[in-house]
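[1] Attaching a predicted model along with its sequence, questions to come.
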Amino acid sequence: MLTRSSESTVKHQPDTVSKVDDWHEQAQCRDYKFQRDDKGEVFNPWFPKTGKAQDVTSEGMKYCAACPVALDCLVWALEKRELKDGIYGGTTPSQRRAMLKKKKAA
């Protein structure tokens, strides 16, 4: 889930009521400075909208590649079944669905 602070900064936060894992504090996306486009919409490389989705996804995945807790993020996303949208741990929804399908088949 993304939340917006009073400074128009969007931050990635877990959508659970349970205790936030320590890894969230170390995630690089936590302090990402989101930009607005000419229409005033927030440009989010982890949750692309229609149109330039592939370019946006690429940027989010590059950012995740250098994140020290990307694996923790991926595990969290798989556990929470985040399979519809968003980049978690440097993976797309289709990649996460394939991982779960492969795990189930094993």
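    Received it, and whenever you're ready, just let me know what you need. Numbers count the residues shown, from 1 in each chain.
[2] ok, which stretches of this structure are helices?
    23-26, 53-65, 70-79, 93-105 (DSSP state H).
[3] These: lowest mean pLDDT?
    Mean pLDDT values for those show the minimum at helix 53-65, a mean of 75.
[4] returning to that earlier point: wait, which of the helices of the chain is closest to Y32?
    Each of the helices of the chain was scored for nearness to Y32 using CB to CB, and the closest is helix 53-65 (7.1 Å). Just so you know, the C-beta spots here come from the backbone N, C-alpha and C atoms, and that holds for glycine as well.
[5] what's around the nearest residue to D72 once chain neighbours are set aside, how many residues?
    Closest residue to D72 in three dimensions, ignoring its sequence neighbours and counting by CB to CB, 6 or more residues apart in numbering: W23, at 3.8 Å. Residues lying near W23 (other CB atoms under 10 Å) number 16.
[6] same deal with K102?
    As a burial measure, K102 scores 9 neighbours (other CB under 10 Å).
[7] Check the gap between C29 and K62 for me.
    12 Å (CB to CB, to the nearest Å).
[8] which of the two has more neighbours?
    Applying other CB under 10 Å to C29 and K62 shows that C29 carries more neighbours, namely 22 against 11.
[9] who touches that one in this structure?
    12, 46, 63-64, 67 (CB atoms under 8 Å, 6 or more residues apart in numbering).
[10] hmm, back to that, nearest to K33, out of the helices of the chain?
    Nearest to K33, of the helices of the chain and by CB to CB, is helix 53-65 at 11.6 Å.
[11] The closest residue to Y88 other than its chain neighbours: how many residues sit nearby?
    In space, and not counting its chain neighbours, Y88 is closest to A77: 3.4 Å by CB to CB, 6+ apart. For A77, the count of nearby residues is 20 (other CB under 10 Å).
[12] ok, now which ones touch A77?
    With CB under 8 Å, 6+ apart as the criterion, the residues that contact A77 are 86, 88-89, 91, 96.
[13] any idea how far E79 is from Q35?
    If you go by CB to CB, the gap between E79 and Q35 works out to 31 Å.
[14] which residues touch L78?
    L78 is in contact with 96, 99-100, counting by CB under 8 Å, 6+ apart.
[15] Right, I'll leave it there.
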